[in-house]
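S.K.: Here is a sequence together with a model predicted from it:
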Amino acid sequence: MPQGDSPIEVLIWMINQCIPVLKQASNLQEKQKKSLLPTHRPSEDK
């Protein structure tokens, strides 16, 4: 069986690659929000 030939396997691999990056990015965003906007969150304006 060729490696990475199954679309599902590719999808799982991509998700596994993305999760740590997304977690890191969201952690950085939270830190920036807390340092820049301690009392106001723009996401609540929508």
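M.R.: Thanks, I have it. Numbers count the residues shown, from 1 in each chain.
S.K.: and residue 7, how far is that from residue 13?
M.R.: 11 Å (Cβ to Cβ, to the nearest Å). From N, CA and C alone the C-beta is placed, and that goes for glycine too.
S.K.: Residue 32 too?
M.R.: Distance, residue 32 to residue 13, by Cβ to Cβ: 30 Å.
S.K.: For residue 22, what is the enclosing helix or strand?
M.R.: Using DSSP states H and E, residue 22 falls within helix 7-36.
S.K.: circling back: of residue 7 and residue 13, who's got more company?
M.R.: Ranked by neighbour count (other Cβ atoms under 10 Å), residue 7 and residue 13 place residue 13 first, with 13 against 8.
S.K.: what's the average pLDDT for stretch 26-40?
M.R.: The pLDDT scores in stretch 26-40 average 79.
S.K.: list the buried ones in the helix holding residue 22?
M.R.: Buried residues in helix 7-36, counted by 16 or more other Cβ atoms under 10 Å: none are found.
S.K.: same for it, what does it pack against?
M.R.: If you count contacts as 3 or more Cβ pairs under 8 Å, 6 or more residues apart in numbering; DSSP states H and E, helix 7-36 packs onto no helix or strand.
S.K.: mind starting the numbering at 31 from now?
M.R.: Happy to do that; since the first residue is 31 now, the last one works out to helix 37-66.
S.K.: how near is residue 42 to residue 49?
M.R.: Look at residue 42 and residue 49: by Cβ to Cβ, they are 11 Å apart.
S.K.: ok, residue 44 to residue 52 distance?
M.R.: The gap separating residue 44 from residue 52 is 12 Å, by Cβ to Cβ.
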